[in-house]
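*Asks:* what shape does this take:
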Amino acid sequence: MSSHAHGAHAAHAMEAPTGFIRKYIFSVDHKVIGIQYFLLALTAVLVGIVLSVLMRLHLVWPNMHLPFVPGGLMTQEQYLSLVTMHGTIMVFFVLTTAPQGGFGNYFLPIQIGAPDMAFPRLNMLSFWVTFLAFIAILAAFVVPGGAPISGWTGYTPLSGLGEVTGPGEGWGQTMWIVSISLFCLASLLGALNFIATLIDMRAPGMSLFRMPLTCWGWFVTAILGLLAFGVLLAGGILLLLDRSAGTSFFIPAGLVVNDQIQNHSGGSPLLWQHLFWFFGHPEVYIAILPGMGVASHVLSTFARKPVFGYRAMAMAMCAIGFLGFMVWGHHMFVSGMSPYSGFAFSVLTMSIGVPSAIKTFNWLGTLWGGKIQFTTPMLFAIGFVSLFVSGGLSGLFLAQPAVDNLLHATYYVVAHFHLVMGVAAIFGIFAATYFWFPKMFGRMMNEPLGKVHFWFTFVGAYCIFMPMHWVGIAGGIRRYADASAVAYLQPLQSVHQFMSIAAFVTATAQILFLINFFWSLKSGPRASKNPWNATTLEWITDSPPPHDNFGGHFPSVYRGPYDFSVPGVKEDFVPQNLTPQEVAREKE
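*Replies:* You can find the predicted model right below:
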């Protein structure tokens, strides 16, 4: 199977383009496409950070005059548009795009010993459709009426009726739906490519249980994307029809908005919630599973130990992916669902903690007794574990319908999903960036600057989101543009001020990353093939890799991916491509 796939790509090395457009813009090389995805996500995260800073400014100083806001003062509708656009851009164009589209595209073929993705042109198409989706979401800021106010979940009927429901619900909401639909289409194309590549193009000897855990993360994520994004794409098309073609999939009969009777009948707003959250909860794992794979990979490399319970880790990823499709209803506990349904979703939600706990204890087992090297990628991997556990523990409370009914509309939920899905996934992205930067660009990033960036970001994340749990328990309502106007929320303003200052410092600290990234691209020390003394296949080729990844000499695999501290071997690691005879000679 693998040899057939390699034979089909035998001419890949001869296809290296020479022109700028074919080499860097409309490239079919998975490595270039991976970098394109990464740079798109980097642009998106900068936009998302700016939006979050503006939100924090308004929450603490609601009467602050802003020169770029019409009238000088931000309205409540403008604040809600920031909430909508920040959530949408971060979830789709950062947390989904960077781990899977960026690092997955770049390293999956190399780690399994393949010359490229199975369908290179489909890969290129997937990126450019994602790029169009990003342009569409940015266009929502500038179309008449501005950006939508319906939240990143786009709940109906608010998102389905048009301008009558408020500012941004005209062209802005339409652009939002178009953007999400395009993104879903691109993700479906990418998921098919990932699955076909991993199944059909593994190197000789690369069985499933010899794959790095990063590949398991990307594989399960691709399956989730294939099953989940199709549902959201269908929902987006139906919502667009409700808005523009007079259908009534999500709009009920007899609805009166602004004293106007809406000409719809028979629709169900809850249908949109079911379709959205059937995608939305697997999306949590689409964002976090690649980070789990990266964290496992990096922890083993810098603990100089094999991954503790490798097979259990791989199966836990599969279990998380499977159970992720069973628990979408816990986002709808407040929708009036049957108590029996609520109980079923609650039990299933609690059960997903079992494979998550397996992974957590196995990460700790990997670290236990290791010769730990506190490099920058290692720090971010440990930070990932810490944030994932902290955010996951708060989810145990939200899994109980009686508790969720009280906390659902509060900042407690914001704190929970930011820690477990947002910041943890971002730490996985940072760990991957610092770890693979030498391989991608042939240079090393600055370690001292990277560690300063880590500590500012790690401490800042906890200073922002741990107090936010307390604000939620105290009754702080999310999506309020001006909490100071509500008497019982006024005592919480000092906590909001603390969180905002922490957010400003943390956002500023990301400048250190940008300086380190772009300075290292040009002036960082030259990287060797294997600067981290790692074992997987990406480290046996040049930095950066040649056009076909291995210079025409495709590897075979003879062992698992984490052979560290092997007794009797001269070095403390054994690469996957070393034959038993070569290892035996090293022992002599």
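
*Asks:* wait, doesn't Phe513 sit right on Val452?
*Replies:* No. Phe513 is not in contact with Val452 according to Cβ atoms under 8 Å; the separation is 9.9 Å. (Each C-beta comes from the backbone N, C-alpha and C, glycine too.)

*Asks:* the more surrounded of the two?
*Replies:* Legend: neighbour count by other Cβ atoms under 10 Å for Phe513 and Val452, higher for Phe513 (21 against 16).

*Asks:* contact partners for the more buried one?
*Replies:* In this structure, Phe513 makes contact with 430, 450, 453, judged by Cβ atoms under 8 Å, 6 or more residues apart in numbering.

*Asks:* any of the residues you listed buried? List them.
*Replies:* For the contacts of Phe513, a neighbour count by 16 or more other Cβ atoms under 10 Å gives the buried set as 430, 450, 453.

*Asks:* tell me which of the residues you listed is nearest to Met468?
*Replies:* Using Cβ to Cβ, the shortest approach to Met468 within the buried ones among the contacts of Phe513 belongs to Phe430, at 21.3 Å.

*Asks:* quick one: what helix or strand has the closest one in it?
*Replies:* Counting by DSSP states H and E, the element that carries Phe430 is helix 424-441.

*Asks:* for the helix or strand following that helix, the distance to its chain's centre please.
*Replies:* Following the chain from helix 424-441 toward its C-terminal end, the next helix or strand by DSSP H and E is helix 447-473. Mean C-alpha position of helix 447-473 versus that of the full chain (Cα atoms, centre = their mean, to the nearest Å) differs by 18 Å.

*Asks:* and helix 447-473, what's buried?
*Replies:* Buried, per 16+ other Cβ under 10 Å, within helix 447-473: 449-454, 456-458, 460-465, 467-469, 471-472.

*Asks:* cool, and stretch 327-342?
*Replies:* Within stretch 327-342, the residues scored as buried using 16+ other Cβ under 10 Å are 327-333, 337, 342.

*Asks:* residues in contact with that stretch?
*Replies:* 270, 273-274, 277-278, 280-282, 344-346, 348-349, 352, 398-399, 401, 404-405, 408-409.

*Asks:* strands along this protein, start to end?
*Replies:* Counting by DSSP state E, residue ranges of the strands within the chain are 256-257, 260-261.

*Asks:* what does the last one contact?
*Replies:* What that stands for is strand 260-261. Against strand 260-261 from outside (Cβ under 8 Å, 6+ apart): 164, 254-255.

*Asks:* can you give me the helices for the stretch 101-250 of the chain?
*Replies:* Counting by DSSP state H, counting those that start in this stretch, the stretch 101-250 of the chain has these helices, from start to end: 105-111, 120-139, 171-200, 213-244.

*Asks:* mean confidence score for stretch 40-58?
*Replies:* Stretch 40-58 shows a mean pLDDT of 96.

*Asks:* quick one: distance of it to the chain centre.
*Replies:* That offset, for stretch 40-58, works out to 16 Å (Cα atoms, centre = their mean).

*Asks:* do the same with stretch 548-560
*Replies:* Distance of stretch 548-560 from its chain centroid, counting by Cα atoms, centre = their mean, is 29 Å.

*Asks:* for it, buried residues please.
*Replies:* Applying a neighbour-count criterion of 16+ other Cβ under 10 Å, the buried positions in stretch 548-560 are 548-550, 554-555, 557-560.

*Asks:* what about that stretch, how long is it end to end?
*Replies:* Chord length of stretch 548-560, first to last residue, is 23 Å (Cα to Cα, to the nearest Å).

*Asks:* any idea of the mean pLDDT in it?
*Replies:* For stretch 548-560, the mean confidence score works out to 92.

*Asks:* show me what it is in contact with.
*Replies:* Stretch 548-560 is contacted by residues 6, 9, 12-13, 31, 109-110, 113-116, 203-206, 209-210, 306, 310, 537, 540-542, 574, 576-580 when judged by Cβ under 8 Å, 6+ apart.
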